[in-house]
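Undergrad: the amino acid sequence is not available; the structure is as follows:
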């Protein structure tokens with residue numbers, strides 16, 4: 001079954017359960033499983049496989065279909081969520097939108113709990129926009145704290161021309177929770193690929209618009225909180241070939257003026273609070289950057305966070321069962337990465353650039369970092385932090401073992417950090 005919807009006739013479907021429904025006080029539960037209903041509404045906002053907007057409860061539902069297409073605020077389950085979604089499963093071959101697109105919700109202002117997105121291709125075409133495997137954006141509303149808890153993605157590909165994209169949610173100023181203290185809960189990301197591109201039609205000497213790009217597996221930009229319960233069952237798992245790809249092509253003799261790329265496993269850019277991150281099985285942070293007749297100023301790559309700002313904190317970092325925290329960060333031509341032009345690479349085992357607070361546990365977390373960089377422009381590499389600015393504090397790490405680096409020319413490359421480190425030199 002396929003629904004073709006235009007701006008003129010969209011109201012025809014506002015009472016239907018599969019399109020533009022506003023669920024307010026009632027709920028949709030497991031009695032109904034929606035399958036094989038495709039929606040084609042390229043000029044319509046708020047499009048979802050179950051509801052355009054949700055203010056009630058949706059639980060125990062499977063959405064399995066070929067395609068869902070809308071304009072802005074498009075999700076495999078709902079376009080916008082201000083209610084509660086739990087224990088749902090989305091398997092949509094293709095979800096297409098201009099902006100605010102996600103596997104579960106395009107925009108989440110409510111709660112998404114224990115929901116899965118599998119074998120789904122998500123595409124956002126806007127030049128500046130938000131895309132995520134679970135939600136395009138997780139933003140607090142006037143009444144709710146936007147919350148994503150125990151998310152799961154498997155075999156998901158997110159492709160965005162915009163500048164904020166992640167496996168869970170592109171932008172977060174609410175909460176992302178692995179599990180409530182004392183209860184099981186995880187953030188699981190398997191075989192998930194993030195493809196971020198920026199191109200212009202080859203019509204001569206044109207420049208790409210000046211802007212920065214953000215990418216991460218949990219979120220691209222964090223201004224809220226990311227919480228782990230602090231127990232070994234509240235963990236982050238990223239594996240099965242999950243990776244981040246960047247391709248920038250200005251076309252012919254054009255050149256890009258991209259200020260910076262920010263990339264991290266948990267967050268590309270952090271101005272919020274990340275607490276008790278417990279790492280179990282994480283693939284290397286595989287970053288593949290290709291510039292075609294393009295240039296970039298700075299590439300910030302961190303094992304957990306790309307850039308940690310003055311208001312950002314990353315506290316009580318540890319691995320499962322308190323073993324050594326091993327993180328691999330790869331950026332350079334030796335890893336099929338082409339960094340051309342004047343790009344400077346700052347690669348850190350935990351954080352690339354730190355202006356805030358980064359700490360291990362009170363037992364002092366041990367870190368083993370494998371950082372690979374091959375770039376003609378001088379770079380900074382650090383076992384924990386590549387560039388620790390004057391306000392940056394790094395605390396409670398037992399030691400930092402840095403292996404297999406290429407072209408290191410500075411940064412915080414400490415072989416032993418026994419208590420805390422406060423570097424006063426500015427960038």
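TA: Great, that's in hand. Owing to the predicted nature of the structure, the values given are computational and were not obtained by experimental measurement. Residues are numbered from 1 along each chain as shown.
Undergrad: tally of neighbours for residue 260?
TA: 21 (other CB atoms under 10 Å). Heads up, the C-betas are built off the backbone N, CA and C, glycines and all.
Undergrad: can you check the one 5 residues further on too?
TA: Burial measure for residue 265: 29 neighbouring residues, criterion other CB under 10 Å.
Undergrad: pretty sure it sits against residue 301.
TA: No - taking contacts as CB atoms under 8 Å, residue 265 lies outside contact range of residue 301: 9.9 Å.
Undergrad: and residue 268, how far is that from residue 387?
TA: When distance is defined by CB to CB, to the nearest Å, residue 268 is 15 Å away from residue 387.
Undergrad: more neighbours, the two?
TA: residue 268 (33 against 27).
Undergrad: determine the set of other helices and strands touching the one helix or strand that one maps to.
TA: Element membership of residue 268 [criterion: DSSP states H and E] is strand 267-270. Judged by 3 or more CB pairs under 8 Å, 6 or more residues apart in numbering; DSSP states H and E, the packing partners of strand 267-270 are strand 213-216, strand 219-222, strand 258-264, strand 305-308.
Undergrad: least confident of those strands, on average?
TA: Here the lowest mean pLDDT among the helices and strands packed on strand 267-270 goes to strand 258-264, at a mean of 80.
Undergrad: which strands border that strand, and is each parallel or antiparallel?
TA: Each strand paired with strand 258-264, and its direction, by DSSP bridges: strand 213-216 (parallel), strand 296-302 (parallel).
Undergrad: picking up where we left off before, please identify the buried residues of the strand holding residue 268?
TA: 267, 268, 269, 270 (16 or more other CB atoms under 10 Å).
Undergrad: dump those to TSV, plus pLDDT and distance to residue 356.
TA: Putting the buried residues of strand 267-270 into TSV (pLDDT from 0 to 100; distance: CB to CB, whole Å) gives the following:
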residue	pLDDT	distance to residue 356
267	95	12
268	93	15
269	96	11
270	98	8
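Undergrad: nearest to residue 362, of those?
TA: residue 270 (21.9 Å; CB to CB).
Undergrad: which residues sit in contact with the closest one?
TA: By CB atoms under 8 Å, 6 or more residues apart in numbering, the contact list for residue 270 reads 222, 264, 305, 306, 307, 308, 309, 312, 314, 356.
Undergrad: repeat the analysis, applying 10 Å as the threshold.
TA: For residue 270, the contact set (CB atoms under 10 Å, 6 or more residues apart in numbering) comprises 172, 216, 219, 221-223, 226, 262, 264, 302, 304-309, 311-314, 351, 354, 356, 358.
Undergrad: what's the answer for residue 361, then?
TA: Counting by CB under 10 Å, 6+ apart, residue 361 has contacts 230, 276, 278, 315, 316, 317, 318, 322, 396, 397, 398.
Undergrad: if we use 6 Å, what do you get?
TA: Contacts for residue 361 were tallied using CB atoms under 6 Å, 6 or more residues apart in numbering; they are 316, 318.
Undergrad: next one: residue 101
TA: 74, 122, 124, 131, 136.
Undergrad: what residue ranges in the stretch 51-200 of the chain score low on pLDDT?
TA: 179-184, 199-200 (pLDDT under 70).
Undergrad: for residue 128, what are its contacts?
TA: With contacts defined as CB under 6 Å, 6+ apart, the neighbours of residue 128 are 162, 163.
Undergrad: one more time with 8 Å, if that's ok
TA: Under the criterion of CB under 8 Å, 6+ apart, the neighbours of residue 128 are 99, 162, 163, 164, 211.
Undergrad: farthest-apart pair in the contacts of residue 101, please.
TA: 74 and 131 (10.0 Å).
Undergrad: list the residues that contact both of the two?
TA: Residues touching both residue 74 and residue 131 (CB under 8 Å, 6+ apart): 101, 102.
Undergrad: count of neighbours near the residue lying closest to residue 119 once chain neighbours are set aside?
TA: Residue nearest to residue 119 in three dimensions, not counting chain neighbours: residue 155, with 4.4 Å by CB to CB, 6 or more residues apart in numbering. Neighbour count of residue 155, defined by other CB under 10 Å: 16.
Undergrad: ok, residue 155 to residue 218 distance?
TA: 18 Å.
Undergrad: same check, this time on residue 364
TA: For residue 364, the distance to residue 218 equals 25 Å [CB to CB].
Undergrad: do the same with residue 196
TA: Between residue 196 and residue 218 the computed distance is 16 Å (CB to CB).
Undergrad: who has more neighbours, these two?
TA: Neighbours were counted for residue 196 and for residue 218 using other CB under 10 Å; residue 218 has more, 30 against 26.
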